[in-house]
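>>> Fold the following and give me the result.
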Amino acid sequence: MMSLSKLKRWLAVGACAAAVALPAQAEKTYRLKMAETWPTNFPVFGDASRNMAAMAEKMSNGRLKITIDSKNKHKAPLGVFDMVRAGQYDMGHSASYYWKGKVPATLYFTTMPFGMTAPEQYSWFYHGGGMELMEKVYSKYNVLSFPGGNTGNQMGGWFQKEINSLEDLKGLKMRIPGFAGEVLAKLGASPTNIPAGELYTALERRTIDALEWVGPSLDLRMGFHKIAPYYYTGWHEPATELQFMINKRSWDRLPEDLQEILRVSIRTAAYDMYIQSYHESAKNLEIIENEFPNVKIRSFPEDVMAALRQANQDLLTEKAKEDPLAKEILESQANYLKTVRRWTDISDKAYLNSIAQ
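Residues are numbered from 1 along each chain as shown. Sure thing, here's the model as predicted:
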């Protein structure tokens, strides 16, 4: 029989061995693959992906490594949802309204015409029930979705011809995704969705008559000002939020601390993209106005805006009747907007109006 003293020594040695083994186990590296809708090294949008991955790796001391495949590699820019859902990729970076043809309720989490501004929408996501509703939609597909970076208010698009009346929208072939495309279709336009890499050629060859992309932050480098002289202010995407998607099984296999690191990295990268986009738009608008005087910045006529707003409201009513989940999301957004817009009106709006006098 082992003596008590020997037993104590044996237990002490075992405890030391366990203590040495623990750090080795804690340093296990987890590797995730992410597909993005954007081309390689695409600015602003792609910066959000890269910043998120870099932060996650640094904060985890190298335990969480995320590799990013751009559309140049996976060749399916509008197929990211399906690839993440199937587990082909652990993560994705894209925009929720691209999946409206597969899961209609996803489009409400990007932006809505005449809807919330970026600060209002972030408030809704994180404090007004938006995250819970987004989880309700995506959980059916084994996917988690998080806000992934906001462009702020987007411009209304580049047009070959000036829009002077509702008649000018009839038959207009325009690249415009999401709910706004449905709104324009109500007024006789022909909306379509085209990946970023094909936009310039489509507009140049008159395959389309107009397009919207983002705003000065990204439009200038795309060269649209060279082939379309009219640049319209926005109505359709007041707060375009991208998304980070994560396959639920990939998420569940991460330790809790790495889940939290990933969550914080995503939220920080999203905010960083918003302020980067704001900066780039301000800088590039100045370039457009100073160096390209041929560009005519316009706002849509009042009768066109009124028709767009009415068509938007009619569509919202239709969507709410068709789908109880859509009704729940739209009511949540509308009710929150009533509350938050009152504060926007007497804070930011009142300030800007007062100093403009």
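
>>> Okay, Asn61 and Ser265: tell me how far apart.
Computed as CB to CB, to the nearest Å, the Asn61 to Ser265 distance reads 13 Å. Glycine gets a C-beta too; all of them are placed from N, C-alpha and C.

>>> of these two, who's got more company?
When Asn61 is set against Ser265 and neighbours are counted by other CB atoms under 10 Å, the residue ahead is Ser265, at 23 against 10.

>>> Would you agree the more buried one is in contact with Ala56?
Yes: under the criterion of CB atoms under 8 Å, Ser265 lies in contact with Ala56, with a separation of 4.1 Å.

>>> For stretch 267-281, C-alpha coordinates in CSV please.
Extracted as CSV, the C-alpha positions of stretch 267-281 are listed here (Å, rounded to 0.1, in the frame of the first residue of the first chain):
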residue,chain,number,x,y,z
ARG,A,267,-19.5,45.2,-33.7
THR,A,268,-16.3,47.3,-33.7
ALA,A,269,-15.6,46.6,-37.4
ALA,A,270,-19.2,47.6,-38.3
TYR,A,271,-18.9,50.9,-36.5
ASP,A,272,-15.5,51.6,-38.0
MET,A,273,-16.9,51.0,-41.5
TYR,A,274,-19.7,53.5,-40.8
ILE,A,275,-17.3,56.3,-39.9
GLN,A,276,-14.9,55.4,-42.7
SER,A,277,-17.7,55.5,-45.2
TYR,A,278,-18.8,58.9,-43.9
HIS,A,279,-15.3,60.2,-44.2
GLU,A,280,-14.7,58.8,-47.7
SER,A,281,-18.1,60.2,-49.0
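
>>> Which of the three states applies to the residue nearest to the spatial centre of the chain?
Most central in the chain under CA atoms, centre = their mean is Leu242, positioned 0.8 Å from the mean C-alpha point. Counting by DSSP: H, G, I helix; E, B strand; the rest coil, the backbone at Leu242 sits in strand.

>>> and if you look at the one 3 residues further on?
Of the three states, Met245 takes strand according to three-state DSSP.

>>> my read: it touches Val80, true?
Yes: shown here, Met245 and Val80 form a contact pair, counting by CB under 8 Å, at 7.1 Å.

>>> overlap in contacts of these two?
Counting by CB atoms under 8 Å, 6 or more residues apart in numbering, the residues touching both Met245 and Val80 are 92-94.

>>> Near Glu256, how many other residues are there?
Using other CB under 10 Å as the criterion, Glu256 is surrounded by 7 other residues.

>>> per-residue pLDDT, it?
In this prediction, Glu256 carries a pLDDT score of 98.

>>> related to what we said a few turns ago, including pLDDT and secondary structure, could the shared contacts of Met245 and Val80 go into JSON lines?
Below are these laid out as JSON lines (pLDDT from 0 to 100; DSSP: H, G, I helix; E, B strand; the rest coil):
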{"residue": "Gly92", "pLDDT": "98", "secondary structure": "strand"}
{"residue": "His93", "pLDDT": "98", "secondary structure": "strand"}
{"residue": "Ser94", "pLDDT": "98", "secondary structure": "strand"}
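
>>> from the residues you listed, which single one is nearest Ala196?
Among the shared contacts of Met245 and Val80, Ser94 lies closest to Ala196 (CB to CB), at 11.6 Å.

>>> hey, what's that closest one bridged with?
Applying DSSP bridges to Ser94 gives these bridge partners: Gln243.

>>> Would you agree it is in contact with Glu36?
Yes: taking CB under 8 Å as the definition, Ser94 is a contact partner of Glu36 at 6.9 Å.
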